[in-house]
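Visitor: Sequence first, then the predicted structure:
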Amino acid sequence: MTAWRPALRMARRDLRRHKVRALLTCLLVALPVVVATVAALAAHNGRWTNEVEAAQNFHDGNGLAVVSEHTEVRPRAALNGWPEPVRGADERDPASVDLAALLPAGTDVVPAPALSLTPLTTGGQGEVLRVDLSHPLTDDVVDITQGRAPAAPDEVAMSRAAAAEMGLLPGGRLSPDARFELAGGVTLDVVGIAEKNERDWGFYGPVLVAPPDSVAPVAGEPGGYVEPPSYLLGLPPLEDAQVRELVADLAAEGVALQPRVAVENPREWGLHQSMSDRLDLTPLLLGGLCILVGLIEVVLLVGAAFSVSARRQVRDLGLLATNGGAAPDVRRVLLAQGIVLGVVSSVIGAAIGVTAFLLGADVLEDRFGQTMHAREVPWWLVVVMAGLGSVTSVVAALLPGWRMARLTPVDALSGRFPLRPGESRAHRPAFVLAAGGVLLLAVGGWATAEAERSYPNWLGAAVFLAGSGLVALVAGTVWATPYAVRRAAGLGRFLPLSGRYAFRDAGRHRFRSAAAVMALTITVAATVLIGFAFASAERGGQFDDRLGPRILSVDVCCSVPDTERLDAIEQTIGSIVDPVETATTSTLGSPDGKGSLDLLRARDALTMVDEADLRMLVHLDDDDLAVFRNGGVLTTYAGVVRDGEVTVARFPGGRKSENQSVLPATQVKAVSGVTPYTQPSYVSAETAADLGVVASFTQLVVRTATPVTGDQLERLRIRGLWADSDDVDRAQVQLAQYAGIGAAGLLAAIVVGMAVALAAAESRDDVATLAAVGAAPWTRRRFGAMHGLFLGVVGTALGVGVGVAAGLAFAQIDGLPGADVPWLHLLGTVALVLPVSWLVGGIVTPSRFTLTRRTA
């Protein structure tokens, strides 16, 4: 420890003397720690655990009782919250059961929170959460942030977003006379603003929090299932044996009791364990590989920064060596800088990461679709992330420390870096390693494609093989970078003076240049690889036939709309988006809602549509229209039309001849991007009536004049319409692509700036000599600009090579033939990194020097 004290003091002194360099290196170390901390906290709080399930199902209660319509249910099914009747059990009215008489004395009973849908005047559906907020077992279900909790049957509380959209929050405060009208003329008083920390809060429409006896009507379809009444229980303290006995006794009375303790400890109660409890090595291997690749990238980026800073203080290290310092002492000084920078940067990064998570958890939920069930900060996890960042910083300082320790005191004091035997030649193992990585990537990509198509169990091994190839390719490329720098520097003889000078200087100090080139290579490769990921996702969406540009899909759920409701829906849509044309389709089924009418060979339900809407959905001619008008079927399925006819069947029992009908048919081509995920077959309303079927599900497809925005989808949701459009995802993907290119440009600016600044400092005497013989200031800046351009060209070329090879291999994971090259990322990265490198190189180069006396 005694030997480390001087090293730590020297490290602190050097960091204080070179604040800008220390700040940039600190930034490179802290940024990965910030990202890792946010990701780790999001993953921790997004886990669906037994405790989270118990908190959402039981709130402050310790039991949930479901009164079934049967006189006896199975006790084991009751533990899972499902009242499965025993064979031969009689039916009864659940309202006739006196639940309190069956429970132990002192048990609190309150109706469990129940969610139902209610019709709105907009034609959509709203969510009604019936809950008694005055009872201690359910008073924490929602938070009343303004006003008070609803108590009367005609009172509700509403989410803030819904109240603002309805104009009930003038000046941000709830209006005293706020009222909300439902379909059917029911008007409710809005007495409070309710919020809840759940992503699916208000998923189907505006949320209305109401007491259990609310007058809000319930929307449902005829013949639909009616949930049995359920109650939250506050049971007195009981032993496990007593709880098991109570479960059995209530099951014999037709009441399913689910104890909270059974949900929190399913293993002890012999309940089914989730898949997450089983050991699966594939995710562990893939996760470990991702961590390894990320660690390599961070070490190279930070290592480049340490290499630049180490070479800048080479004369200080030479003084240490002349005063009796051995090679371990020199290494210890640089490692001490890694420790100091790593600890400080990691602590700062972890603190920023924790703050960013706490303040941006809602944004993470909205952007990435991950529900945060809590806002906990496990400090042991934060310490692990900070420790990982510190270790990364120390590892990054190892190679520069080893290289500096090999210099003799004379070389260090003179600032020269002599070549050792073999350093000027190409390292054959480096090229062998890189070629092996390319081969592994090719084999891994082929194996991934084959596994996706035919052998899904081998997918993890195939991806791991490709990932191993990526690691080998990166390692080989990094090893060969000094040789690549020397070869590229030879091209400077074809350039003007500034280019020849800059390229020669980069070649003479190729190990200094190689550090910056390595960082640029990793940055560009990561950007290109991300571009392949975006291209693969876009291509997968095209093959899945997702919604096309400016297409809005609106599902009308839970009940078949009449003409008046459809008009209200279209009016609501028109008030928010700019519709060009609209088509209304309805899936057909049996009147009792228990069957469907399908094409026999396709097993996809028939769809009813008006003739006026057909041209928006399919390409058709006069012959197709004639078939449709004469009671025929227009199908987009290939191979189901035989001799101009198709067979439709009523399911269940569709294989029986009495449930089948033969109709004239023709095959048509669907308009791309209008009917995603299905290959519909269309009939007219008259044909549906002749077949004795009715509409069971209705969907509106709207073509808009402009791309649909996320704000418009949110407004439609608040109006009770379940709408979807891929325009929002396309905009986000495009924004993410530009953000990735911008991040690459920022890292390029940092790396090139540090490298060129070091070159300017080391070449100060040469540049001063140029000034003495009449070189203008901008001429000297051109030297720095060309130096930066050299680093940008070599780093971009190597990075594009690594990124394209890895991208072509990993793109096969989508299981689709071929691969799309992300030209936006390729050309955009090149077009940004090269000018940024040239510009930053010129900016950081000093244009004015004091003449110095030079001696041989």
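Guide: Noted; the coordinates are in hand.
Visitor: Now S725. Nearest residue, chain neighbours left out?
Guide: Leaving aside its sequence neighbours, S725 sits nearest to V708 (CB to CB, 6 or more residues apart in numbering; 3.8 Å). Backbone N, C-alpha and C define where each C-beta goes, glycine included.
Visitor: Same question for that neighbour, what's its three-state structure.
Guide: coil (DSSP: H, G, I helix; E, B strand; the rest coil).
Visitor: Quick one: neighbours of it, just the number.
Guide: 27 (other CB atoms under 10 Å).
Visitor: So which residues of the stretch 501-650 of the chain form strands?
Guide: Shown for the stretch 501-650 of the chain, the strands assigned by DSSP state E, counting those that start in this stretch span residues 551-556, 579-589, 596-599, 606-609, 618-619, 633-635, 645-651.
Visitor: Quick check: which of the ones you listed has the most neighbours on average?
Guide: strand 633-635 (a mean of 26; mean count of other CB atoms under 10 Å).
Visitor: re the thing from before, want to throw the strands of the stretch 501-650 of the chain into JSON lines with mean pLDDT and distance to G147?
Guide: Below are the strands of the stretch 501-650 of the chain laid out as JSON lines (pLDDT from 0 to 100; distance: least, CB to CB, whole Å):
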{"stretch": "strand 551-556", "mean pLDDT": "87", "distance to G147": "32"}
{"stretch": "strand 579-589", "mean pLDDT": "87", "distance to G147": "36"}
{"stretch": "strand 596-599", "mean pLDDT": "74", "distance to G147": "46"}
{"stretch": "strand 606-609", "mean pLDDT": "88", "distance to G147": "45"}
{"stretch": "strand 618-619", "mean pLDDT": "89", "distance to G147": "51"}
{"stretch": "strand 633-635", "mean pLDDT": "90", "distance to G147": "54"}
{"stretch": "strand 645-651", "mean pLDDT": "82", "distance to G147": "50"}
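Visitor: As JSON lines, these with distance to H135 would be great.
Guide: Formatted as JSON lines, those follow (distance: least, CB to CB, whole Å):
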{"stretch": "strand 551-556", "distance to H135": "35"}
{"stretch": "strand 579-589", "distance to H135": "41"}
{"stretch": "strand 596-599", "distance to H135": "43"}
{"stretch": "strand 606-609", "distance to H135": "47"}
{"stretch": "strand 618-619", "distance to H135": "55"}
{"stretch": "strand 633-635", "distance to H135": "55"}
{"stretch": "strand 645-651", "distance to H135": "46"}
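Visitor: Of those, which is nearest S837?
Guide: Nearest to S837 among those is strand 551-556; the distance by CB to CB comes to 41.9 Å.
Visitor: can you list contacts of that closest one?
Guide: Strand 551-556 is contacted by residues 123, 547, 565, 569, 573, 577, 579, 673-674, 676, 697-704, 708, 716, 721-727 when judged by CB atoms under 8 Å, 6 or more residues apart in numbering.
Visitor: P266: how many residues sit nearby?
Guide: 18.
Visitor: my read is V66 is in a helix, agree?
Guide: No - assessed by three-state DSSP, V66 does not belong to a helix; its assignment is strand.
Visitor: Noted, bye for now.
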